[in-house]
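*Asks:* Got a sequence here, can you build the structure:
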Amino acid sequence: MVKSKDKGSRWEKDATEILNEKYEFTWKKIVGSGAFGALLDIPELQGDLLGKYYFLPFAFRADAKTGYGGATQLTIKRDWFDKIRKEAEATGKPEVPCLICKFSGSRSDIKYFIALDFEAFHDFLEAVDDLYHENIRLREKWEKFAHGEDF
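*Replies:* Numbers count the residues shown, from 1 in each chain. Coordinates of the predicted model:
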């Protein structure tokens, strides 16, 4: 029988490695996270993982979840979203809360996923929209510059 805490710690480590495959050194496991961070009331030590992409103006604060349903389903609790949102807000930094999940024992192509509540999804889209419009403004300036116009 696998101990739940060991299984969770292993998933946190594995999730960090998987998430860092495309963008190295972006995700890190929060050392002393969980009960230790809550006990000492240190917001930066709460949550399981932190992902900071260099091209986004915020970080992702995540709780890693596996083993709540097996290979074909996963039970997700509303309390998990409430908890990670409060932890992300408590840091006072721009952070989007999420759940990093794994279908325990899955052998199909879809084993892992990220879950956002609607507010977190909208926060993410707002940041992407801001970057998009900034890119459009910079392209317009570049076009004017390239054609010798004042900008």
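*Asks:* going forward, measure contacts between C-alpha atoms and count neighbours the same way
*Replies:* Will do.
*Asks:* top helix in the protein by residue count?
*Replies:* Longest helix in the chain, counting residues (DSSP state H): helix 118-146.
*Asks:* Which neighbouring elements make contact with that one?
*Replies:* The contact analysis (3 or more CA pairs under 8 Å, 6 or more residues apart in numbering; DSSP states H and E) places helix 118-146 against strand 95-102.
*Asks:* which residues touch the residue nearest to Thr66 when sequence neighbours are not counted?
*Replies:* Excluding its sequence neighbours, the residue lying closest to Thr66 (CA to CA, 6 or more residues apart in numbering) is Lys102, at 4.9 Å. Neighbour list for Lys102: Trp11, Lys65, Thr66, Gly67, Lys111, Tyr112, Phe113 [criterion: CA atoms under 8 Å, 6 or more residues apart in numbering].
*Asks:* For stretch 122-132, which residues meet the burial criterion?
*Replies:* Buried positions in stretch 122-132, judged by neighbour count with 16 or more other CA atoms under 10 Å: Asp123, Phe124.
*Asks:* could you pull out the strands for this protein?
*Replies:* Remark: strands assigned in the chain by DSSP state E are 27-29, 49-51, 59-66, 95-102, 112-115.
*Asks:* any chance of the ones you listed in JSON lines, with mean pLDDT and distance to Asn135 too?
*Replies:* As requested, those are exported to JSON lines (pLDDT from 0 to 100; distance: least, CA to CA, whole Å):
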{"stretch": "strand 27-29", "mean pLDDT": "96", "distance to Asn135": "26"}
{"stretch": "strand 49-51", "mean pLDDT": "96", "distance to Asn135": "23"}
{"stretch": "strand 59-66", "mean pLDDT": "94", "distance to Asn135": "21"}
{"stretch": "strand 95-102", "mean pLDDT": "95", "distance to Asn135": "22"}
{"stretch": "strand 112-115", "mean pLDDT": "94", "distance to Asn135": "27"}
